[in-house]
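> Please find the sequence and the predicted model below.
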Amino acid sequence: MCGIAGILSFDPEASPDLDLLRRMTGAITHRGPDDEGFVARGPAALGHRRLSIIDLAGGAQPMANEDETVWIVFNGEIFNFQDLRRELESAGHVFRTRSDTECIVHLYEEHGPEGCVSRLVGQFAFAIWDDRKRRLFLARDHLGIKPLFVHATPEKLLFASEIKAILEDDSIERSIDPASLVDYLTYFYVPAPGTIFRGIEKLPAAHYLTWEAGKITRSRYWEAPFRFPRETGAGPRTEDEAAERLDALLRESVKSQLMSDVPLGAFLSGGIDSSIMVGFMAELTDRPVQTFTIGFREAAYNEIEPARSVAKQHRTEHRELIVDPDSLEVLPRLARQLDEPFADASAIPTYYLCRMAREHVTVALSGDGGDEGFAGYRRYQWALKYARFDRLPAVLRRMAAAAVARVGPCGRFAEAARRIALDPASRYADLFGYMSDAGARSLLSPDLARVAAARPAGALIRELHDRAASTDYLTRLQYIDVESYLPDDILVKTDRMSMLNSLEVRVPLLDHRVIEYSATLDPSWRLGKRILKKAAGRFLPPELLDRPKTGFGVPLKHWFRGDWDGYVRDLLLGKRSRERGLYDARSIEALLERRSGTASSVTNSLYALVMLEEWCRQYLDQPQSAR
């Protein structure tokens, strides 16, 4: 993996600011500590920071075609590049290196923007400057594994792997986008294409951007097929047939992602997905796999024992680390690295996991994507149970919920009745644990609360739910997650925490061909990873096959009651926070009083506010020169 950045001046007579470009790449040195490179071609300048993985001697970037009229900077890995190379050599292209980067250049020459990107299998974000066509071409991979940010003004366009690189341009105002702030407090991340900063956008997953003849165009080249109804007879006829094909696909994906000229290992959580990845790796390599596990002292959150069981079965070289509440000291650093407010607390153990792994390897395989691709989240099963009541008229469901609430408004039955009364999209948002629109508004200052009130309730989830054309509810829910939670939360966390430690993470379950195949399967085969277990259950210890999913949980409620107590109060009710004027202080005080309870919604909301305030201190309070 690497870091990329670039500048395009819209004035053909103007030269890009190369000092700015050097500052931009300097801001993301952690993504590529091994080398740097720059090229300026007319109105365009490209910069690169390299983490050397393949072709250590010859893979320096920026890289060009044979006559140096097409230049690329690239972040990621292309796993089918050997096949592409043979095809391109047969078409007459001449290669100077062994790197996958060069394949993209020639593929672009041969097939143009969309033809190029649609042929790639991998995780990528890249920029191509075409001298002949005076065209800038930016692209991001199918599932959004690798990030890319863009800032455009009437004078120029900037792009980079991380927002902090774009902010090296002192002319950019560091101001919060109010709508994105409301989205953050609702979903605990900022959904694409927005960012927390006005004027900076994410290029969404499976999209490319072109600038040509003074016009910027954004296009989508692929979409998660969970959106569409299954074609009759399109999938396998039996579950055994489906499992056999999935086994072959997963083997091919893992095998292709083992390519590396540097040491390689795997994250091992003790869950189904990472255990299966380790099993394939052990079967495909002739050396013990190096595995890495994180745990907590709180037993309910600790997965070290099941991870040990998997490590023992596959005879891996296994290492473990316990994360304690003193991780509080790392929060400002994480807020700085994440660029935006980000309230998934599993970023904390992910950071420590990546740091431990980097001491021994440069590349690690992860099980990310299994829950979205194979319906592993427990909320899917709950959503389907509640959906059985949708056959009843909505008015009857609402009346029943109101009656139960009068008897006991806080009990388990009241919660179930309330969810049954919701429409399918709102119910899923509630099951997910997102903050309600009313809850988000209550925490905000009056001005921001008015912004929140003007936005449609649950707009993101509702839009994605309605966009999905599938008549199957589970398939709609998977589409929602693949389009939002996966690229904007799970993969953000993995990318930023790994890159902060100069570690490349690969995700075989997110080979887009695996996702495409999963979407052809009967939903009942996907639910609870049933087909995944059938295809690769041989890699799992028997006790793991039916073990309930625990997720990468973090004992926040214990930390808030103990070591973090004084820190949180001082942070959220301190002078700087009050002067900032983003929150309603009385609502924050009320939330703090409830932190000793067991409700995860209180804990999640508090953590979201903590990370927002830490982000403000990193990005709004400090002068640019101090960052």
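Here it is on my side, so go on.
> contacts and neighbour counts: CA atoms only from here.
Fine.
> three-state assignment of the closest residue to Tyr301 other than its chain neighbours?
In space, and not counting its chain neighbours, Tyr301 is closest to Gly553: 5.9 Å by C-alpha to C-alpha, 6 or more residues apart in numbering. Under DSSP: H, G, I helix; E, B strand; the rest coil, the three-state class of Gly553 is coil.
> how close does the residue most central in space within the chain get to Glu201?
Against the mean C-alpha coordinate of the chain, by C-alpha atoms, centre = their mean, the closest residue is Leu491 at 1.9 Å. To Glu201, Leu491 is 17 Å away according to C-alpha to C-alpha, to the nearest Å.
> what's the answer for Leu612, then?
19 Å.
> These two: who's more crowded?
Shown here are Leu612 and Glu201; by other C-alpha atoms under 10 Å, Leu612 has more neighbours (23 against 19).
> Now that one: closest residue in space that isn't a chain neighbour?
Nearest in space to Leu612, with sequence neighbours left out and distances taken as C-alpha to C-alpha, 6+ apart, is Pro341 at 5.0 Å.
> Domain map for the protein?
Using automatic domain parsing, the domain parsing of the chain gives 2-222, 226-375+484-545, 555-627.
> wait, which of those domains is closest to Phe413?
Of all the domains of the chain, domain 555-627 sits nearest to Phe413, with 16.2 Å by C-alpha to C-alpha.
> how about the one helix or strand Phe159 maps to: buried residues?
Assigned by DSSP states H and E, Phe159 belongs to strand 156-160. By 16 or more other C-alpha atoms under 10 Å, the buried positions in strand 156-160 come out as Leu157, Leu158, Phe159, Ala160.
> so what secondary structure elements neighbour the helix or strand following that strand?
Using DSSP H and E, the helix or strand that follows strand 156-160 in sequence is helix 163-166. The helices and strands touching helix 163-166, judged by 3 or more C-alpha pairs under 8 Å, 6 or more residues apart in numbering; DSSP states H and E, are helix 18-26, strand 149-152, strand 156-160.
> Need the contact partners of the shortest one.
In other words, strand 149-152. 157-163, 166, 199-203 (C-alpha atoms under 8 Å, 6 or more residues apart in numbering).
> so which of those residues comes closest to Asp511?
Nearest to Asp511 among the contacts of strand 149-152: Leu203, at 19.5 Å, using C-alpha to C-alpha.
> next one: phi and psi at that closest one?
Here is the backbone geometry of Leu203 (degrees, to the nearest 10): phi -80, psi 120.
> Please shift the residue numbers so they start at 7 in all later answers.
OK, 7 is where the count begins now, so the last one is Leu209.
> neighbours around it, how many?
Using other C-alpha under 10 Å, Leu209 has 24 other residues around it.
> and it, what does it touch?
Ala145, Arg146, Pro153, Leu154, Phe155, Val156, Ala198, Pro199, Leu215.
> now do 6 Å
Counting by C-alpha atoms under 6 Å, 6 or more residues apart in numbering, Leu209 touches Leu154, Phe155.
> how close does it sit to Arg519?
Applying C-alpha to C-alpha, the value for Leu209 to Arg519 is 22 Å.
> likewise Glu304?
According to C-alpha to C-alpha, Glu304 and Arg519 sit 38 Å apart.
> quick one on the thing from earlier: what separation do you get for the residue nearest to Tyr307 and Ile354?
The spacing between Gly559 and Ile354, counted by C-alpha to C-alpha, is 10 Å.
> ok so, going back, looking at the helices and strands packed on helix 169-172, which is buried most?
Stretch with highest mean neighbour count among those: strand 162-166 (a mean of 22; mean count of other C-alpha atoms under 10 Å).
> average pLDDT for it?
What strand 162-166 shows for mean pLDDT is 98.
> Let me know the secondary structure of Thr103.
State at Thr103, reduced to three classes by three-state DSSP: coil.
> give the contact list for it.
For Thr103, the contact set (C-alpha under 6 Å, 6+ apart) comprises Gly64.
> Please state the offset of the one helix or strand Ala409 maps to from the chain centre?
Here Ala409, judged by DSSP H and E, is contained in helix 400-413. Relative to its chain's centre, helix 400-413 lies at 38 Å (C-alpha atoms, centre = their mean, to the nearest Å).
> other SSEs contacting that helix?
helix 418-427 (3 or more C-alpha pairs under 6 Å, 6 or more residues apart in numbering; DSSP states H and E).
> ok and the helix it packs on relative to helix 400-413, angle-wise?
For helix 418-427 against helix 400-413, the angle by axes from the mean of the first three to the mean of the last three C-alpha atoms, to 10 degrees is 160 degrees.
> Low-confidence stretches in the stretch 407-556 of the chain?
Residues of the stretch 407-556 of the chain that meet the criterion pLDDT under 70 lie in 414-417, 443, 463, 554-556.
> what about 50?
Counting by pLDDT under 50, not a single residue of the stretch 407-556 of the chain qualifies.
> again, but for the chain
For the chain, the stretches flagged by pLDDT under 50 are 238, 631-633.
> Look up which helix or strand the residue nearest to the centre of the chain falls in, please.
Residue-wise, Leu497 maps onto helix 497-506 under DSSP H and E.
> go on, Lys152?
For Lys152, there is no helix or strand it lies in under DSSP H and E.
> okay, now it: neighbour count?
Lys152 has 27 nearby residues by other C-alpha under 10 Å.
> List the contacts of it.
Phe130, Ala131 are the contacts of Lys152 under C-alpha under 6 Å, 6+ apart.
> Phi first, then psi, for it.
For Lys152, the backbone dihedrals (degrees, to the nearest 10) come out as phi -110, psi 140.
> can you give me the helices in the stretch 57-206 of the chain?
87-96, 107-123, 169-172, 184-193 (DSSP state H, counting those that start in this stretch).
> So for Phe273, which of these sits nearest?
For the helices of the stretch 57-206 of the chain, proximity to Phe273 was assessed by C-alpha to C-alpha; helix 87-96 is nearest, at 24.9 Å.
> before we move on, the earlier item: Ile182: which of the helices and strands packed on helix 169-172 is closest?
Per C-alpha to C-alpha, nearest to Ile182 of the helices and strands packed on helix 169-172: strand 155-158, 14.6 Å.
> for the closest one, the distance to its chain's centre please.
Here the centre of strand 155-158 is set off from its chain's centre by 19 Å, with C-alpha atoms, centre = their mean.
> likewise stretch 533-543?
Here stretch 533-543 is found 23 Å from its chain centre; the criterion is C-alpha atoms, centre = their mean.
> Count the neighbours of Gln628 for me.
Neighbour count for Gln628, taken as other C-alpha under 10 Å: 11.
> go on, Thr477?
Around Thr477 there are 12 other residues, counting by other C-alpha under 10 Å.
> now do Pro548
For Pro548, the number of neighbouring residues by other C-alpha under 10 Å comes to 11.
> From Leu209, how far out is the nearest residue in space to Arg47 that is not next to it in sequence?
Counting by C-alpha to C-alpha, 6+ apart, the nearest residue to Arg47 once its immediate chain neighbours are dropped is Asp137, at 7.3 Å. Noted for Asp137: a distance of 23 Å to Leu209, by C-alpha to C-alpha.
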